[in-house]
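> Sequence and predicted structure below; questions after.
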Amino acid sequence: MTDNSTAVELSRSRTLWDLITRRAAMTPDAPVLIEAADDPADDRRLTFAELRDRSEQVAAGLYGMGVRPGTVVAWQLPTRIETVLLSVALARIGAVQTPVIPFYRDREVGFALRESKAEFFAVPGTWRGFDHTAMAHRLGAHGVFEAYASLPTGDPAVLPPPPEEGVAVRWIYWTSGTTSDPKGVLHTDRSLIAGGSCLAHALHLSPDDVGSMAFPFAHIAGPDYTVMLLLYGFPAVLFEKFAMPDALDGYRRHGVTVAGGSTAFYSMFLAEQRKDPSAKLIPTLRLLAGGGAPKPPEIYHAVVRELGCQLTHGYGMTEVPMITMGAPDDTAENLATTEGRPPQGMSIRITTPEGALLPPDTDGEVRLRGEAVCQGYLNRDQNTGVFDADGYLITGDLGHLTKDGYLVLTGRSKDVIIRKGENISAKEIEDLLHRLPAVADVAVIGLPDPERGERVCAVVEQPPGAAPLTLAEVTSYLRTEGLSTHKLPEQLELVDALPRNDALRKVLKYKLRERFA
């Protein structure tokens, strides 16, 4: 068994490789990765000892190719056992790795390769009908090799000692596309371990749990989740392709107890449950957990009521993989309306734009300091104004801390719509509209207006079969909910699907602003 005190001790590991070797020594034969295939006969498993041993063999193979401590290696691979092995092998060597979401194409991939100056690039070959190898050569990538079904291997005796410290930058993650220009975010082993520890300690896990990774392992959530598995000694089911309802068989077959990803994932589970409310969608499921995107309170109540499990939501970003997390034993009110509390070691300040501290229950800028915070951006010109004089990261998010220390997010600074000099929170309107049955998802944006400065526009994705919503219906409903008149949307746009990124399915509001301005 792994109790909380043991997990806390493991979370102090100096490096990711140190954590892996310690876990493998404790529970060598316990499974850590289960790969769910379309055919159950093709499912694959990996134990903690196999993760350690096979990763070291892959590290030796990479070393034979010329990968050394500090070598920059980019990889663009789907969520598979081989992907985890490659990433861990690079951590064993002490290389600098830069994961790239597998759905990205020439523009994003070329940007990442150029900015990182990658000396090697691992690709899946042709995957889901797209030739990644051809793209890599088209982009002039260096050291291109395919790493989908097989990896280079060698004798671990050739390897130098593993890294002894975890505070050097060895990870470059790319902001997930909620703005038009990505940024290379610099992380260390210790910042990733600290982020994963926040997630793990909040969820009250045990070796009897079975988790799931339905998101790209190349996302910052990949190491976040892996650290959680290592701390508490339980496995996760990997989904190379996640689509409903096809993925349900994998969840049921392997008895998944903890699932999630982001608000979009919660909505997908709910949509499937509603097809047959009489039977629990995943019989073993006890917890949905995630983050990365705002969670309307109604989503929390719908999950608990209809899926019959708990929902805990957290707050994280590429720059800080986990900041706060709800706990299963928090009150329903806190789970529905807050992002949880920060762990020990994460300091949150709510300030004015000038940096003055604000009291509890007062909205302001969210600023962070702690071991999970990144080291800044790869492009040094992008670091201006990122940290304040006290070393706190200025997140661009707005919110407040309750008197009990729970964080409530109310939007992003760019999501504050300024209409006739009055500040309007987009999230407040979105949370209300989420309660409408005719609304599957919604994004509220500010659009330039010559008279008002900005006008309020609601962009709505409707559920299948719903009658087209009208602006009059929207404003009438919001009036009955008590929304102030000056906050009412003046424009309504109906879309087949809101634009999202390919990682945790965040809505890309900048694309909506470009489209409807």
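Done, it's in.

> Spell out for me which residue occupies the centre of this structure.
Ala221 (4.4 Å; Cα atoms, centre = their mean).

> neighbours of the closest residue to that residue other than its chain neighbours, just the number please.
With Cβ to Cβ, 6 or more residues apart in numbering as the criterion, Ala221 has its nearest non-adjacent residue at 5.7 Å, and that residue is Phe215. All C-beta spots, glycine's among them, are computed from the backbone N, C-alpha and C. Using other Cβ atoms under 10 Å, Phe215 has 24 other residues around it.

> Double-check that Phe215 belongs to a strand.
No. Counting by DSSP: H, G, I helix; E, B strand; the rest coil, Phe215 falls outside a strand, being coil.

> In this model Thr79 seems to touch it, though I could be wrong.
Yes. The pair Phe215 / Thr79 is scored as a contact, 7.3 Å apart, by Cβ atoms under 8 Å.

> joint contacts of those two?
Common contacts of Phe215 and Thr79, defined by Cβ atoms under 8 Å, 6 or more residues apart in numbering, comprise Gly222.

> where's Leu199 relative to Met213, distance?
As for Leu199, its distance to Met213 is 13 Å (criterion: Cβ to Cβ, to the nearest Å).

> hey, what's in contact with both of these two?
Residues touching both Leu199 and Met213 (Cβ under 8 Å, 6+ apart) are Tyr225.

> Could you report the pLDDT at the residue nearest to the centre of the chain?
Here, the pLDDT recorded for Ala221 equals 92.

> Quick check on it: phi, psi?
Backbone dihedrals for Ala221, given as degrees, to the nearest 10, come out at phi -70, psi -20.

> Against Gly290, how distant is it?
Per Cβ to Cβ, Ala221 is found 9 Å from Gly290.

> swap in Lys414?
Distance of Lys414 to Gly290, given as Cβ to Cβ: 23 Å.

> if you count what's nearby, which of those two comes out ahead?
Shown here are Lys414 and Gly290; by other Cβ under 10 Å, Gly290 has more neighbours (24 against 16).

> For the more buried one, give me its contacts.
Residues counted as contacts of Gly290 (Cβ under 8 Å, 6+ apart) are 260-263, 265-266, 313-314, 504.

> I'd like these written out as a markdown table, with neighbour count added.
Shown next, in a markdown table, are the contacts of Gly290 (neighbours: other Cβ atoms under 10 Å):
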| residue | neighbour count |
| --- | --- |
| Gly260 | 26 |
| Gly261 | 26 |
| Ser262 | 21 |
| Thr263 | 24 |
| Phe265 | 22 |
| Tyr266 | 25 |
| His313 | 27 |
| Gly314 | 27 |
| Leu504 | 22 |
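
> Among those residues, which are located in helices?
263, 265-266 (DSSP state H).

> Turn the residues you listed into CSV, including pLDDT.
Below are those laid out as CSV (pLDDT from 0 to 100):
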residue, pLDDT
Thr263, 82
Phe265, 89
Tyr266, 91
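
> give me the element the closest residue to Gly385 other than its chain neighbours is part of.
Closest residue to Gly385 apart from its sequence neighbours, by Cβ to Cβ, 6+ apart: Ile394 at 6.9 Å. Using DSSP states H and E, Ile394 sits within strand 393-401.

> Buried ones in the strand or helix carrying Arg479, by neighbour count?
For Arg479, the element it lies in under DSSP H and E is helix 471-480. Of the residues in helix 471-480, 474-475, 477-478 count as buried by neighbour count, 16 or more other Cβ atoms under 10 Å.

> Only the C-alpha atoms, please, for it, written as CSV.
Presented in CSV, the C-alpha positions along helix 471-480 are these (Å, rounded to 0.1, in the frame of the first residue of the first chain):
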residue,chain,number,x,y,z
LEU,A,471,-31.1,36.9,-29.0
ALA,A,472,-34.5,37.8,-27.5
GLU,A,473,-34.7,34.4,-25.8
VAL,A,474,-31.2,34.8,-24.4
THR,A,475,-31.7,38.3,-23.0
SER,A,476,-35.1,37.4,-21.6
TYR,A,477,-33.7,34.4,-19.8
LEU,A,478,-30.7,36.4,-18.4
ARG,A,479,-33.1,39.1,-17.2
THR,A,480,-35.1,36.5,-15.2
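
> Mind giving me the packing neighbours of that helix?
Under the contact criterion of 3 or more Cβ pairs under 8 Å, 6 or more residues apart in numbering; DSSP states H and E, helix 471-480 touches helix 426-433, strand 491-495.

> Need the three-state assignment for the nearest residue to Val169 once chain neighbours are set aside.
Nearest residue to Val169 in three dimensions, chain neighbours excluded: Leu186, at 4.6 Å (Cβ to Cβ, 6+ apart). When classified by three-state DSSP, Leu186 comes out as strand.

> Beta-bridge partners for Leu186, please?
Ile172 (DSSP bridges).

> ok, how many other residues are close to it?
Quick note: Leu186 (other Cβ under 10 Å) scores 19 neighbours.

> what sits against it?
169, 171-172, 374-378.

> Could you list the low-pLDDT ranges of this protein?
1-2, 176-181, 421, 503-504 (pLDDT under 70).

> What residues sit buried inside the biggest helix by length in it?
Selection of the longest helix in the chain by residue count, based on DSSP H, yields helix 48-65. Using 16+ other Cβ under 10 Å as the test for burial, helix 48-65 gives 48-52, 54-63.

> roughly how far out does the helix holding Arg479 sit from the chain middle?
Computed by Cα atoms, centre = their mean, to the nearest Å, the separation of helix 471-480 from the middle of its chain amounts to 34 Å.

> do the same with stretch 432-439
Centroid separation for stretch 432-439 versus its chain: 25 Å, with Cα atoms, centre = their mean.

> same question, stretch 358-366
In terms of Cα atoms, centre = their mean, the centre of stretch 358-366 is found 25 Å from the chain centre.

> Any chance you could list what contacts that stretch?
Stretch 358-366 has contacts (Cβ under 8 Å, 6+ apart) with 348-353, 394-403, 407, 409-410, 413.

> mind listing the strands for the stretch 301-450 of the chain?
Under the criterion DSSP state E, counting those that start in this stretch, strands of the stretch 301-450 of the chain are mapped to 310-317, 320-325, 346-351, 364-370, 393-401, 407-412, 416-419, 422-425, 441-449.

> So which of those is nearest Pro40?
Pro40 lies closest to strand 310-317 among those, at 28.4 Å (Cβ to Cβ).

> so how far is that closest one off the chain centroid?
Centroid separation for strand 310-317 versus its chain: 10 Å, with Cα atoms, centre = their mean.

> now that strand against strand 320-325, angle please.
Counting by axes from the mean of the first three to the mean of the last three Cα atoms, to 10 degrees, strand 310-317 points 140 degrees away from the direction of strand 320-325.

> What helices and strands are in contact with strand 310-317?
Strand 310-317 sits against helix 189-202, strand 287-290, helix 297-302, strand 320-325, helix 332-337, with contacts defined as 3+ Cβ pairs under 8 Å, 6+ apart.

> returning to what we had before: could you dump the contacts of Leu186 into TSV and include distance to Phe234?
Putting the contacts of Leu186 into TSV (distance: Cβ to Cβ, whole Å) gives the following:
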residue	distance to Phe234
Val169	30
Trp171	24
Ile172	29
Cys374	28
Gln375	30
Gly376	34
Tyr377	34
Leu378	34
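
> Since that was my last question, I'll sign off now.
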